[in-house]
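K.L.:
below is the sequence, then the predicted model.
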Amino acid sequence: MEKSQRSQSFSAIENSHEEERGEKLKQDDDQNRAIMVIQTGGTIDKEYPRSMGGYAFEIGSSAAQSILERMNLAMPVEYGSVFRKDSQEINDWDRELLSQVCQASTQSRILITHGTDSMIDTAAYLAKKRLPKTIILTGAFRPERFKDSDADFNVGVAIGALQTIQIHDVFMAMNGRVYWWNEVTRNQETGQFICKLK
């Protein structure tokens, strides 16, 4: 084989290996940034009643999924629903099931949509499990179906935080801020999530 032919052959092999390495790095990067979105119910998922004469809101499909599927996200996202409950009805049996689903997830970054009333309780329960995951809980004060809902904003803040937080722990994204699970409380007058006073 002539020198020029050998050079072309080696160059082709190097290019092929470079493409394979590039594809592998992309796959690894996608896997590292992949997010699991888990629905548990709450106001964020409430819909107008479908039954005739119905007055109470019903918890419907995942609002987070509806929001994120409208966006051109640059990372893979998987969706799941563990239960669909008003957060006042969630108990520790439910929380244990949720923790098991988080543990079994192949993703290390998890977004959980949850009702606001017992979100702090669920965050504390999950934190005590010390899962090797970065978990953020979020929700909304008004259903995602409402024009003036805070759902899109809260989900967006949570997704952004999941891309930047580099430690395994449990957090909450509400009212434009991200809180550690044990550093958040509620303002009894406004309902806002705020930092605990130290």
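P.N.:
Nice, thanks for sending it over.
K.L.:
every contact and neighbour count from this point should use C-alpha atoms.
P.N.:
Will do.
K.L.:
and the lengthiest strand in the chain, what does it pack against?
P.N.:
Using DSSP state E to define each element, the chain has its longest strand at strand 77-85. Judged by 3 or more CA pairs under 8 Å, 6 or more residues apart in numbering; DSSP states H and E, the packing partners of strand 77-85 are strand 35-41, helix 92-104.
K.L.:
can you give me the buried ones in that strand?
P.N.:
Residues of strand 77-85 classed as buried by neighbour count (16 or more other CA atoms under 10 Å): 77, 81, 84-85.
K.L.:
out of those residues, who's nearest G176?
P.N.:
G176 lies nearest to V77 out of these, by CA to CA, at 22.3 Å.
K.L.:
grab the nearest non-local neighbour of the closest one.
P.N.:
The shortest distance from V77 to any non-neighbouring residue, by CA to CA, 6 or more residues apart in numbering, is to I35 (4.9 Å).
K.L.:
if we can go back for a sec, how about the helices and strands packed on strand 77-85 in CSV, adding mean neighbour count?
P.N.:
Formatted as CSV, those follow (neighbours: other CA atoms under 10 Å):
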stretch, mean neighbour count
strand 35-41, 24
helix 92-104, 16
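K.L.:
make a markdown table out of these and add mean pLDDT and distance to R70.
P.N.:
Shown next, in a markdown table, are the helices and strands packed on strand 77-85 (pLDDT from 0 to 100; distance: least, CA to CA, whole Å):
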| stretch | mean pLDDT | distance to R70 |
| --- | --- | --- |
| strand 35-41 | 97 | 15 |
| helix 92-104 | 97 | 25 |
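K.L.:
which one, of those, ends up nearest to A140?
P.N.:
strand 35-41 (10.6 Å).
K.L.:
who does that closest one touch, helix- and strand-wise?
P.N.:
Where contact means 3+ CA pairs under 8 Å, 6+ apart, strand 35-41 is packed against helix 63-69, strand 77-85, strand 109-113.
K.L.:
and the helices in this structure?
P.N.:
Along the chain, counting by DSSP state H, helices occupy 3-33, 63-69, 92-104, 119-128, 151-164.
K.L.:
got the angle between the fourth one and strand 109-113?
P.N.:
Comparing the axes of helix 119-128 and strand 109-113 via axes from the mean of the first three to the mean of the last three CA atoms, to 10 degrees yields an angle of 150 degrees.
K.L.:
name the residues of helix 119-128 that come out as buried.
P.N.:
Buried positions in helix 119-128, judged by neighbour count with 16+ other CA under 10 Å: 119-123, 125-127.
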